[in-house]
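Undergrad: whatever this is, show me its structure:
(3 chains)
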Amino acid sequence: MTVLEGLGAGFMSAFEGARFLAMVAGVAWGVIGGAIPGISGAVAMALALPFTFALDATTALCMLAGVWAGANYGGSIPAILMRIPGTPASAACLMDGYELTRQGRAAKALGVSLVCGTIGGVASIVVLIAMVLPLGEVVLHFGSPETFALAVFALTLLAGLAEASFLKGLASGLFGLLLTTVGLDSLTGSLRFTFGRTELMTGVDVVAAMVGLFAVSEMFHRIAHPEDVPDVMVGRAYTAFPTLAELRELWPATLIGTIVGLIVGVMPGAGATASSFVAYNEARRWSKHPELFGKGSMEGVAAPETANNAVQGGDLVPTLALGIPGSNSAAIMLAALILHGIQPGPFLLSKHGQLVYTLFAGLLIVNVLMIPVGLVILRLCLLALRLAPPVLVAAVLALCVIGTYASELTIVNPWTMLVFGILGYGMRLSGFSAAAMVLGMVLGVMAESELRRSLIISHGSWTIFLTRPITAALLFLTVGVLVYPVVFGVLRRRRARRAVTAPPIA
Amino acid sequence: MGKRSMALGTLGGLVLAALAVLGGPEAAWAQARDFPTRPIVFVVGFAPGGGADVFARALADAAKTVLPQPIAVENRPGAGGTAAAAYAAGRPADGHTILFAHAGSSIITPLITNQPSLKWDAFEPVARIHAEEEWLLVQPDAAWQSIDQLVTHAKANPKKVRVAGSAIGGIDSFVVLSWKQAAGIDVEYIPHEGGGPATLAFLGKNAEVLVGNVSEVAQHIEAKKMVPVAVASEKRSPIFPEVPTLREKGWEVVLVQWRSVLAPKGTPAPRVAALAEAFQKAMGAGSWKTFNRNAKAVDAFLGPADFRKFLAAEEERFMRIIDQLGLRKK
Amino acid sequence: MSAETGDAGGRPGDARRGELAIAAVLVVLAVVIVALARRIEPGVLTDPLGSRAFPLALGAAIGLCGLLLAATTLAPGRFAGGAPVFVEDGPVDEPAAPLLGRLVAAVVLTAAYVAAFEPLGYLLATPAYVAAILLVQGGSSLRAFAAAPLLVTGAFYAAFRFGLLIPVPDGVLERWLPW
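TA: Got it, this is the predicted structure:
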């Protein structure tokens, strides 16, 4: 069976019976779940899992693929409209997305997020289909040193995330990294910063902290500053699709997002959130208008949104090629397979080829389905914005508490959220960066555990980071990225000084 | 109830007090009916998608045909499974709440962190369901292809042999730590976030040895990407009978990943018995058999009384290992 | 951790004092982190870097950020050359003084809501909380004040309990609810 034949049969099969309906339901479920603060994509998928028992294995997988894709997109709706990231992966897009909303361009930002997310999702699935068969084992080249190097590379973003001051942004990021060391150190078994509390043994929940840092602090801000609520212009704010001309301008950002999403997705231990931050940073670096980033750049929405959807394809490479989940979301796909009596592993494709091809077709379909389904749910979300501002604030605060509680059914998470809400408000007043802190919290485990694991692998020798080609390349790239603007800045300043000393021409 | 109202905030304390008075006759009402009258909540202390979660869901699905009410899996991950234990301990002991338990969540973690209130004996044992073997595996192109050769090599090259496995506290980390001590070898253990990442690291040739659950490695053995050299069970495995146990090599390392069900302390014995019987019947269901076969696990059913004896013996064994390794905090 | 000192709307001297206070907070935080990190007990296993290295390095780096922040505030010209080029415009000016009373009330109410969430139950705690937050903000019509708490509570309950099948805590109502 060639790939194309398989895919053709897969498409036929994907439209059989109730499968298409299950996919529509899955996408809708995902978009709604993703839009609720505290419910991440993996949680939304886990909640859908019991419903898939009544379906056959193929339909169940297609539906879960829909939830996954939908949640990737759903998180950006509240991020853009209210500065509330629905999922951690949408924290990168809120920086410019919410700025656009303040400028009255919410509709366009939502349209860009939807279309670019779809492009990223479809592109990554196409690459997955082309790659998973011959190149599935490429994932084995990414070990601990490579993941560590990627984390270091992503951390260079701290240099740019600073909203008001570089030093405060850096300090925020460092504190975020530190927060990931709280709890049981999985490498040695020692307890760090737990103060004798079992609640802290598993560390600080990133999702709850992020909901606090952004959503709760934003609601506190609105309570303290009732005059500072942007006018979303609900009347006209239905999604405005980007025109072809606009898409042409956004294509570099979209391409960067796709590539970053795929690479980061394949890497074990790195996920959608890391990819969206890296894509944001790279899009700014290569943009013709880097000065607009943070002040309402469409590219700043397009790149992270493309990337976090493109991660799906990368995550599925180890999942389908080796039966080892590439992320929490992928783990739930595998759980669904096991529960339907199918053993995932290196023989999945040869033993259950039809199912895998139908899943591929389903993945393409759900990514496209995201546009109509996303549009409908978007309108419902916009209706909520018509509520009187005080009612909206009260409802969002209540939703944050329920959402963070629901993700792990523990009251510890709402408490975490509240603490970080207060902290986030203080940071906002004093010029620290919540985005930098979330970045640190997302990259901390990658940076520390993988570094230490690399050193165990190398028997304590640091040369491991220079002898492994991918690792060395990433680290050299990091140095270059850090040195280049400084050198460039010095040169420019020197040139400017020379221009001043020289007599003005005309 | 008293403790709960103490913890209550300023909001609506009076409402609570007024409503709490009405709580009395309900208990009698619940007992008058047959069991179960509501869906049973199966509390699992691990995230969706993991081995514990999949086990619980498969068991719940198989029990559907046996019990008049469904079993709903509730994931309450955190603190090595003890967050869920703490929650379940506070639920009404009426049989409608059950708790997932394995050695890690109900013996090892409570012992290491010194939380006797979350250990297995703070609950009612319901049933042990199945068990998975723990394997030691080597690279197919390695110069050593048996456990003896491996140990000889490790003795000649201290600290050079790297073993990939999951985080400290799990059964597989215990297999390696006890084996290391029993065989008198100095190998490096590389802990990973779970069995999946450890398998990936091993397949990527970042370690010489892998320790893992049979369900996670069986397919890779079949694909000739890894070679089993020993199993940490009491007897040789039916899947690879030519592979020796660690025990027959003279190292007393017998650790299997058993999975089981507990109920809150005080759950009436007839209900515990009813649940155990239901699970035993459920294990005859086709869906369970398929699941177990795919997981390469073996049914290891023990009813409430036998399971309690088993747990007591198991705790003693683990206590010995933990003390030998110096894992317990004073 | 961060003091709410940055009164960006004030005079330049105030802003400078605010920055110095922030720098001081960072240094104190760093000292605390380093002190706590030095007390981390070694675990069962060992690795080349160990459990303390990362927290210690981060604590030191945060302290360095604080010191540099103080230095750049005290002598702005001297460090401008060394400071990276990413420094953007100053803080966005706050349009008005925050309504501190409302803010504190909102924080306290949210804490009370979280505390009551499990023991009292979602269905009783939520309407009280929503109503209280509306009251704090003021300006709601009587109609909104009467309807919003019930509608918000009911809508979320329906969505989470029956849509997502999440066992929202019923608290004291547990025995009376038919599901």
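Undergrad: where in chain A is pLDDT low?
TA: Judged by pLDDT under 70, chain A has its weakly predicted residues at A:1, A:133, A:160-164, A:231-239, A:499-506.
Undergrad: could I get the pLDDT score of C:Gly77?
TA: Note on C:Gly77: pLDDT of 60.
Undergrad: same check, this time on B:Glu124
TA: On the pLDDT scale, B:Glu124 gets 94.
Undergrad: any idea how far it is from A:Trp462?
TA: 53 Å (Cβ to Cβ, to the nearest Å). Every residue, glycine included, has its C-beta placed from N, CA and C.
Undergrad: go on, B:Leu136?
TA: 30 Å.
Undergrad: what does A:Val152 give?
TA: In this view, A:Val152 and A:Trp462 are 13 Å apart by Cβ to Cβ.
Undergrad: which one's more surrounded, these two?
TA: A:Val152 (21 against 11; other Cβ atoms under 10 Å in any protein chain shown).
Undergrad: got a list of what that one touches?
TA: A:447, A:474-475, A:478 (Cβ atoms under 8 Å, 6 or more residues apart in numbering or on different chains).
Undergrad: the helices in chain B, which residues?
TA: In chain B, the helices defined using DSSP state H lie at B:2-7, B:13-20, B:26-32, B:51-63, B:82-89, B:103, B:109-112, B:147-156, B:171-183, B:195-203, B:214-222, B:269-282, B:286-294, B:304-325.
Undergrad: need those helices in JSON lines with mean pLDDT, distance to chain A and mean neighbour count, can you?
TA: Shown next, in JSON lines, are those (pLDDT from 0 to 100; distance: least, Cβ to the nearest Cβ, whole Å; neighbours: other Cβ atoms under 10 Å in any protein chain shown):
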{"stretch": "helix B:2-7", "mean pLDDT": "36", "distance to chain A": "10", "mean neighbour count": "10"}
{"stretch": "helix B:13-20", "mean pLDDT": "38", "distance to chain A": "16", "mean neighbour count": "14"}
{"stretch": "helix B:26-32", "mean pLDDT": "38", "distance to chain A": "23", "mean neighbour count": "11"}
{"stretch": "helix B:51-63", "mean pLDDT": "91", "distance to chain A": "5", "mean neighbour count": "24"}
{"stretch": "helix B:82-89", "mean pLDDT": "88", "distance to chain A": "6", "mean neighbour count": "24"}
{"stretch": "helix B:103", "mean pLDDT": "92", "distance to chain A": "16", "mean neighbour count": "23"}
{"stretch": "helix B:109-112", "mean pLDDT": "86", "distance to chain A": "8", "mean neighbour count": "22"}
{"stretch": "helix B:147-156", "mean pLDDT": "95", "distance to chain A": "14", "mean neighbour count": "17"}
{"stretch": "helix B:171-183", "mean pLDDT": "90", "distance to chain A": "9", "mean neighbour count": "22"}
{"stretch": "helix B:195-203", "mean pLDDT": "89", "distance to chain A": "4", "mean neighbour count": "25"}
{"stretch": "helix B:214-222", "mean pLDDT": "89", "distance to chain A": "3", "mean neighbour count": "21"}
{"stretch": "helix B:269-282", "mean pLDDT": "92", "distance to chain A": "14", "mean neighbour count": "18"}
{"stretch": "helix B:286-294", "mean pLDDT": "89", "distance to chain A": "4", "mean neighbour count": "17"}
{"stretch": "helix B:304-325", "mean pLDDT": "90", "distance to chain A": "10", "mean neighbour count": "16"}
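Undergrad: and the ones you listed: which comes nearest A:Gly362?
TA: helix B:51-63 (21.7 Å; Cβ to Cβ).
Undergrad: and the closest one, what other elements does it pack with?
TA: With contacts defined as 3 or more Cβ pairs under 8 Å, 6 or more residues apart in numbering or on different chains; DSSP states H and E, helix B:51-63 has these neighbours: helix A:328-339, strand B:40-44, strand B:71-75, strand B:97-102, strand B:123-132, strand B:257-264, helix B:269-282, helix B:286-294.
Undergrad: how about those, which one is nearest chain C?
TA: strand B:71-75 (6.4 Å; Cβ to the nearest Cβ).
Undergrad: just the CA trace of that closest one, in CSV.
TA: Coordinates of each C-alpha in strand B:71-75 appear next as CSV, following Å, rounded to 0.1, in the frame of the first residue of the first chain:
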residue,chain,number,x,y,z
ILE,B,71,-17.4,2.9,37.5
ALA,B,72,-16.1,6.4,36.8
VAL,B,73,-12.4,7.0,36.8
GLU,B,74,-11.3,10.2,38.5
ASN,B,75,-7.7,11.4,38.0
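Undergrad: average model confidence for that strand?
TA: 89.
Undergrad: does anything pack onto that strand? Which helices or strands?
TA: Partner elements for strand B:71-75 (3+ Cβ pairs under 8 Å, 6+ apart): helix A:41-52, strand B:40-44, helix B:51-63.
Undergrad: which residues touch it?
TA: Contact partners of strand B:71-75, identified using Cβ under 8 Å, 6+ apart, comprise A:46, A:50, A:408-409, B:39-44, B:46-48, B:53, B:56-57, B:59-60, B:63-64, B:98, C:165, C:167.
Undergrad: same deal with stretch A:402-415?
TA: By Cβ under 8 Å, 6+ apart, stretch A:402-415 touches A:36-40, A:43, A:199, A:205, A:207-208, A:211, A:400-401, A:416-417, B:74-78, B:83, B:87, C:114, C:117-118, C:122, C:126, C:156, C:160, C:164, C:166-169.
Undergrad: can you put the contacts of A:Val152 in TSV and add neighbour count, secondary structure and distance to A:Val376?
TA: Shown next, in TSV, are those (neighbours: other Cβ atoms under 10 Å in any protein chain shown; DSSP: H, G, I helix; E, B strand; the rest coil; distance: Cβ to Cβ, whole Å):
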residue	neighbour count	secondary structure	distance to A:Val376
A:Ala447	22	helix	40
A:Leu474	21	helix	41
A:Leu475	19	helix	46
A:Thr478	17	helix	43
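Undergrad: residue closest to the middle of chain A?
TA: Centroid-nearest residue in chain A: A:Ala89, 2.3 Å away (criterion: Cα atoms, centre = their mean).
Undergrad: right, and that one touches A:Tyr73 too?
TA: No. With contact taken as Cβ atoms under 8 Å, A:Ala89 and A:Tyr73 are classed as non-touching, separated by 10.0 Å.
Undergrad: for B:Asp61, see how far away A:Trp29 is.
TA: 21 Å.
Undergrad: buried ones in the lengthiest helix in chain C?
TA: Taking DSSP H as the criterion, chain C has its longest helix at helix C:12-38. When burial is assessed from 16 or more other Cβ atoms under 10 Å in any protein chain shown, helix C:12-38 yields the following buried residues: C:15, C:18-19, C:21-23, C:25-27, C:29-30, C:33-34, C:37.
Undergrad: want to throw those residues into CSV with distance to chain B and pLDDT?
TA: CSV is the format used below for the buried residues of helix C:12-38 (distance: Cβ to the nearest Cβ, whole Å; pLDDT from 0 to 100):
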residue, distance to chain B, pLDDT
C:Ala15, 38, 79
C:Gly18, 34, 88
C:Glu19, 37, 90
C:Ala21, 32, 93
C:Ile22, 32, 93
C:Ala23, 37, 94
C:Val25, 29, 95
C:Leu26, 31, 95
C:Val27, 33, 96
C:Leu29, 27, 96
C:Ala30, 28, 96
C:Ile33, 23, 96
C:Val34, 24, 95
C:Ala37, 19, 94
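Undergrad: of the residues you listed, closest to C:Pro98?
TA: Distances from C:Pro98 to the buried residues of helix C:12-38, taken by Cβ to Cβ, are shortest for C:Gly18, at 14.7 Å.
Undergrad: tell me the contacts of the closest residue to A:Pro78 other than its chain neighbours?
TA: Take A:Pro78 and drop its neighbours on the chain: the residue closest to it by Cβ to Cβ, 6 or more residues apart in numbering or on different chains is A:Ile84, 4.2 Å away. By Cβ under 8 Å, 6+ apart, the contact list for A:Ile84 reads A:37, A:78, A:94, A:211, A:214-215, A:218, A:396, A:400.
Undergrad: good, wrapping up.
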